[in-house]
Structures are given as C-alpha cells and as structure tokens.
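here is my input, please return the structure:
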Amino acid sequence: MSDFPAQGDAMPDIAMETPEGGSVRASDFQGRKAVFFFYPKDNTPGCTTEAKDFSALRPGFDKLGVAVLGISKDSPQKHRNFVAKHELTIDLATDSAEDGLSDALGIWTEKSMYGKTFMGMVRTTYLLGEDGKIERVWNKVTVKEHADEVLAAAAAT
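Next up is the predicted model:
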C-alpha cells in the first residue's frame, strides 16, 4: 500500500513556480477540472512531442473548461525558452527541486539508464475534478496519442 495520493484523493496543494515568476498550485484550479502532466525534461523528443500535442488540443480543453499544466523540474527560464522555441500554448510550471509536488506524488524517483542511476520524473498525468480530487491517473505514459486520450477522458467525466 502506497502513501502517495491516488485516484479519489485530493491533489497535494504544493506551490510551483511559473515561467513568469509567479506561483501556481492545485487549489488555484478549484471549481474547474485540470490536467497536470508531469514530464522529465524540456526540449527532449518525447517531452517536446507531448507538450506540442497538448498545445494542439488546447482549444478542445478550453471548450470543456479544463486547464492544462505541464510540470517538470526544469527552471522557469528553460520553460520560457521551451515555450518560445516550440510555440507552446499550454501553461508550464517548475516543480521544486526538493519536496516538490512530484516528490509528494512519488513520481520523482530513482531511474536507471546505461548502467547509471539518477533521479528523474516518471511521465505521469493526472486529471483533477472540480473539487481538486484526482479523477484519473495515467502512469508511465507513452506519448503517442496520450493527449487525445486525456482530452477524451476529460470530456467523458
């Protein structure tokens, strides 16, 4: 049994920094649905595809009244560059280097590649209800058609 929040639990209300220098937290979305998608790193192939896919579907999310927030531990400056380079229309946030939202969710974890271990983000998406509770979780996301699946799920609830 995990101590991490799951479907039906409230999303932890931990502040994250916006690229503009402000802050954002789950409670800011109270009263509307929200999608929080966590990704490893700006400007990497999978993360770029995912962010561009969510941006392309932004009108559909807007029509449903669903906010979309992409989250990684990249700096606000890196997020600004990422948005500009790829003309992203979704909002991004920087999760805290220590004790951030991804830590509270258990998705900032030890990973291994080419025999090296490091801390990294497990690509995970959360659909939050208007009450701030987690309605759906996609773990270890495969990027292809993921944004479409999330939009369909948001429309169905």
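
which residue ranges of this structure form strands?
Counting by DSSP state E, the chain has strands at residues 16-17, 23-24, 34-38, 67-72, 91-94, 108-113, 116-121, 124-128, 134-138.

show me the contacts for the closest residue to residue 65 other than its chain neighbours.
Nearest in space to residue 65, with sequence neighbours left out and distances taken as Cβ to Cβ, 6 or more residues apart in numbering, is residue 32 at 5.4 Å. Backbone N, C-alpha and C define where each C-beta goes, glycine included. By Cβ atoms under 8 Å, 6 or more residues apart in numbering, residue 32 lies in contact with 65-67, 130.

can I get these in JSON lines including pLDDT, neighbour count and distance to residue 5?
Formatted as JSON lines, the contacts of residue 32 follow (pLDDT from 0 to 100; neighbours: other Cβ atoms under 10 Å; distance: Cβ to Cβ, whole Å):
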{"residue": "65", "pLDDT": "97", "neighbour count": "12", "distance to residue 5": "23"}
{"residue": "66", "pLDDT": "98", "neighbour count": "23", "distance to residue 5": "19"}
{"residue": "67", "pLDDT": "98", "neighbour count": "18", "distance to residue 5": "18"}
{"residue": "130", "pLDDT": "96", "neighbour count": "15", "distance to residue 5": "17"}
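
tell me how many other residues crowd residue 5.
Using other Cβ atoms under 10 Å, the number of residues around residue 5 comes to 18.

name the residues of the lowest-mean-pLDDT helix or strand in the chain that are buried.
The weakest-scoring helix or strand in the chain, judged by mean pLDDT, DSSP states H and E, is strand 108-113 (a mean of 89). Of the residues in strand 108-113, residue 108 count as buried by neighbour count, 16 or more other Cβ atoms under 10 Å.

then stretch 60-73?
Neighbour counts over stretch 60-73 (16+ other Cβ under 10 Å) mark 60-61, 66-73 as buried.

now do stretch 92-99
92-96.

make CSV out of these and add distance to residue 14 and pLDDT.
Supplementary listing: the buried residues of stretch 92-99 in CSV, determined by distance: Cβ to Cβ, whole Å; pLDDT from 0 to 100:
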residue, distance to residue 14, pLDDT
92, 16, 98
93, 10, 98
94, 12, 97
95, 8, 97
96, 7, 92
